[in-house]
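A.B. asks: Task: produce atomic coordinates for the following.
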Amino acid sequence: MHGMNKNGLAIATSSGIGNERRRQPTSWSKGIAGSIVAAVTLAACSNNGGADNNTNSTRSSSASPSNDPSSQASPPGGPAEVAKPLRLVALGDSIIYGSECPACGLFVDQFGNALSKKTGEKVEVSNLAVPGAEVSDLLDLVRSDEPVRDALGGANAVVVTIGHNDLPYNRLDDPCHVAAHYPVVEWSEITNACTDRVTDQYRQDLDAVLAEIDQARKRRPTLLRVTTVYNSALGDHVDPSWDSPDAVEPSVYATERYAEAQCEVARDHGGECADTYNALNGQAGRDAAGEFLGPDYTHLSQEGHDAFAQALISTGFHPLIGVLHTTTWLGRRPVADCS
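C.D. replies: Got it, this is the predicted structure:
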């Protein structure tokens, strides 16, 4: 079905997904309901590999740039070859969806711009994120939602951001029995043993998610990136009990365990993790995210989206660049090097 996204643009939504998964009352919800398939066609070799003022406006248009080979006259002897855009699929929760920052240049769009600049190709971004999703929801989505599986089947790059709602003190089912009156958390009651157990559950589900992506891609070369969780408890004056001495050690331990799991699983599937944890919380992982978060102290501000984008870009574009330059599996001419 179709609706309007937070930017007022027409979107297509997949049935059966998008239910808000955070605790009540709704004033404490950490996202907004809905899933989007927002096509963003980015100009090849753009002068700006990051956010730009045209990113949101291009969501509603698939118009080719004027230097697109498909818009030029046919060469002698036959029609011009029409280059297909690279397809980047974004999966996850409200962090990658861009909740609470409607005017932001989203990090996944910035990464798409950088990929376009590097390859010289147009990049189409499909944001299939579901605000409020936990990793189990994402697993259901990639297993059973045909439009999502179709999108993954045609993807050249996939970025996954999932885990914030899976942290022991954030999960809907309260696995450590510390948040009966969420968002108030009994931080001193969170044990490392419980965090380890919940992390292992998360790891298994994330591994299953990436296995489904592998299957949908039929093991064709794919740029796979997983962004790590960050610690939004440190410095959080919005949620009662969060910015407290008792919250420091449990939240730091949980964030570190989850980030480690995300990186291990990503690499097991031939991908890379973007170290957004240390980008926001410092090298020791104990700095408040501060300016990187919006007023709700959960979702990213523009500075946060910029930091995520830089962390993604720093992982490079392997294996996509090498594949595009050395094979024709995409059915296109080799890409130009715009570096």
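A.B. asks: which residues does the residue lying closest to Ser241 once chain neighbours are set aside bridge with?
C.D. replies: Take Ser241 and drop its neighbours on the chain: the residue closest to it by C-beta to C-beta, 6 or more residues apart in numbering is Val184, 5.0 Å away. C-beta: built from backbone N, CA, C; applies to glycine. Note on Val184: beta-bridge partners His181, judged by DSSP bridges.
A.B. asks: Adjust the sequence numbering to begin at 39 for everything that follows.
C.D. replies: Sure, I'll start counting at 39 from here, so that last one is Val222.
A.B. asks: From Ser270, how far out is Val222?
C.D. replies: Distance of Val222 to Ser270, computed by C-beta to C-beta, to the nearest Å: 16 Å.
A.B. asks: Of the two, give the one with the bigger neighbour count.
C.D. replies: The residue with more neighbours, out of Val222 and Ser270, is Ser270; 28 against 14, by other C-beta atoms under 10 Å.
A.B. asks: Doesn't Glu162 belong to a strand?
C.D. replies: Yes. Using DSSP: H, G, I helix; E, B strand; the rest coil, the assignment for Glu162 is a strand.
A.B. asks: isn't it right next to Val127, touching?
C.D. replies: No. Checked against C-beta atoms under 8 Å, the pair Glu162 and Val127 is beyond contact range at 9.4 Å.
A.B. asks: pLDDT score assigned to Val223?
C.D. replies: Note for Val223: predicted pLDDT of 98.
A.B. asks: Could you do the one 4 residues further on as well?
C.D. replies: If you check Glu227, the pLDDT there is 98.
A.B. asks: Roughly how far does it sit from Tyr220?
C.D. replies: Glu227 is 13 Å from Tyr220, by C-beta to C-beta.
A.B. asks: Settle it for me: which of those two has more neighbours?
C.D. replies: Shown here are Glu227 and Tyr220; by other C-beta under 10 Å, Tyr220 has more neighbours (20 against 14).
A.B. asks: longest helix in the chain, by residue count?
C.D. replies: For the chain, the helix with the greatest residue count under DSSP state H is helix 230-255.
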